[in-house]
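In: A predicted structure for the sequence below; I have some questions about it.
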Amino acid sequence: MKLFDTHTHLNADEFAGKEDIYIENAAQAGVKAMAVVGFDRPTIQKTLELSQSYAQVISVVGCHPTESLTYDQNFEKDLHHWLELPRVFMLGEIGLDYHWDTAPRDVQMKVFRRQIAIAKEHQIPITIHNREATEDVYRILKEEGVPDAGGIMHSFGEGPEIAKRFLDLGMHLSFSGVVTFKKTVEVREAAKIVPLDHLLIETDAPYLAPVPKRGKMNEPAYVRYVAELLASLREMSLEDFATQTYQNACKLFSWAPEESLDA
């Protein structure tokens with residue numbers, strides 16, 4: 001069985017010095033690949049190091065909406081450089097966050113739009129962070145246009161109607177441990193209607209640990225619990241579901257699993 005954790009933060013302090021352990025745990029659970037997301041300079045540097053050290057790790061880099069005030073010409077120059085590195089396969093996580101509001105909303109929107117344009121320039125997909133900003137995220141994606149390379153609504157947490165709107169834009173939807181929570185009935189309903197070729201899974205580790213690990217620190221191995229729940233919802237075998245979502249991720253990232261670290 002092959003599982004692909006399409007969004008994890010193995011570069012977080014919680015994993016520091018223990019990455020080998022968590023990667024081995026993931027391998028034992030069937031996780032053959034993981035996308036480690038860097039969203040500011042320190043976490044980007046760490047994900048680049050990890051993807052150079054582990055064949056099953058690929059890098060995603062970008063400026064998180066909560067970090068929008070740090071986005072300047074120097075960051076943008078470096079972003080262009082990072083996106084050309086051989087182990088970087090996606091720009092993100094980008095978007096809007098109206099929960100923390102650590103940056104003015106107009107600044108977040110400007111940085112979001114700018115990074116969509118850069119993704120198009122580099123012909124690379126995007127992964128979207130949306131927290132309490134669904135209408136503005138949708139509007140900006142519709143106005144700017146999703147890159148031809150595609151994109152992910154990361155840790156999708158809405159119902160079927162919202163799911164359809166983002167799917168109509170051409171986005172993939174990725175489900176995290178949120179879909180396993182008792183109260184997220186709408187999210188499970190959304191997961192049922194996503195076309196199978198646009199469905200992905202993730203952990204967002206160390207956050208959002210799924211049932212039955214809720215309340216504990218999340219880790220990439222736990223993406224298996226998300227897969228098990230969704231396979232049941234879709235009335236598929238775990239093996240078939242894992243294969244489909246793994247292939248979806250490889251195609252979206254334009255990543256061949258056999259790619260060596262020297263590629």
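Out: Yep, it's here. Numbers count the residues shown, from 1 in each chain.
In: what's the closest non-adjacent residue to residue 82?
Out: For residue 82, ignoring the flanking residues on the chain, the nearest one in space by CB to CB, 6 or more residues apart in numbering is residue 61 at 4.7 Å. Any C-beta I mention is one placed from the backbone N, CA and C, and that applies to glycine too.
In: tally of neighbours for the one you found?
Out: For residue 61, the neighbour count with other CB atoms under 10 Å is 28.
In: quick one: it from residue 253, how far?
Out: The gap separating residue 61 from residue 253 is 13 Å, by CB to CB, to the nearest Å.
In: now residue 68
Out: In terms of CB to CB, residue 68 sits 25 Å off from residue 253.
In: Likewise for residue 95?
Out: Applying CB to CB, the value for residue 95 to residue 253 is 18 Å.
In: More neighbours: the two, which one.
Out: residue 95 (27 against 21).
In: For that one, pull up the helix or strand it's in.
Out: strand 88-97 (DSSP states H and E).
In: what does residue 21 give?
Out: Counting by DSSP H and E, residue 21 is part of helix 19-28.
In: Just the CA atoms of that helix, as CSV, please.
Out: Extracted in CSV, the C-alpha atoms of helix 19-28 (Å, rounded to 0.1, in the frame of the first residue of the first chain):
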residue,chain,number,x,y,z
GLU,A,19,12.8,13.2,11.9
ASP,A,20,14.2,9.8,11.3
ILE,A,21,11.8,8.3,13.8
TYR,A,22,8.7,9.9,12.4
ILE,A,23,9.7,9.1,8.8
GLU,A,24,10.2,5.5,9.8
ASN,A,25,6.8,5.5,11.6
ALA,A,26,5.3,6.8,8.4
ALA,A,27,6.9,4.1,6.3
GLN,A,28,5.6,1.4,8.7
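In: could you point out which element follows that helix?
Out: Next along from helix 19-28, by DSSP H and E: strand 31-38.
In: Quick check: next helix or strand after that following strand?
Out: helix 41-53.
In: what's next to that next one, contact-wise?
Out: Helix 41-53 is contacted from outside by 9-12, 19, 36-38, 57-61, 70, 75, 78, 82, 85, 87-88, 261, using CB atoms under 8 Å, 6 or more residues apart in numbering.
In: Residue 130 should be in a strand, yeah?
Out: Yes: per DSSP: H, G, I helix; E, B strand; the rest coil, residue 130 lies within a strand segment.
In: Tell me the spatial nearest neighbour of it, not counting adjacent residues.
Out: That would be residue 137: by CB to CB, 6+ apart, it lies 4.5 Å from residue 130.
In: How far away from the center of its chain is whichever strand or helix holds that neighbour?
Out: Taking DSSP H and E as the criterion, residue 137 maps to helix 134-144. Counting by CA atoms, centre = their mean, to the nearest Å, helix 134-144 is centred 18 Å from the centre of its parent chain.
In: Wait, a helix at residue 155?
Out: No: counting by three-state DSSP, residue 155 falls outside a helix, being coil.
In: for the residue nearest to it when sequence neighbours are not counted, what are its contacts?
Out: Closest residue to residue 155 apart from its sequence neighbours, by CB to CB, 6+ apart: residue 176 at 4.1 Å. Contact analysis of residue 176 by CB under 8 Å, 6+ apart lists 7, 154-156, 201-204, 208, 210, 226.
In: Those in helices, which ones?
Out: residue 226 (DSSP state H).
In: returning to that earlier point: can I get the CA coordinates of the strand holding residue 95 in PDB?
Out: The C-alpha trace of strand 88-97 is given here as PDB (Å, rounded to 0.1, in the frame of the first residue of the first chain):
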ATOM      1  CA  VAL A  88      10.500  21.900  -4.800                       C
ATOM      2  CA  PHE A  89       7.200  20.900  -6.400                       C
ATOM      3  CA  MET A  90       4.500  23.400  -5.200                       C
ATOM      4  CA  LEU A  91       4.000  26.900  -4.000                       C
ATOM      5  CA  GLY A  92       2.300  27.300  -0.600                       C
ATOM      6  CA  GLU A  93       0.800  27.400   1.700                       C
ATOM      7  CA  ILE A  94      -0.800  30.700   0.500                       C
ATOM      8  CA  GLY A  95      -4.200  32.200   1.000                       C
ATOM      9  CA  LEU A  96      -6.100  34.100   3.700                       C
ATOM     10  CA  ASP A  97      -6.400  33.800   7.500                       C
END
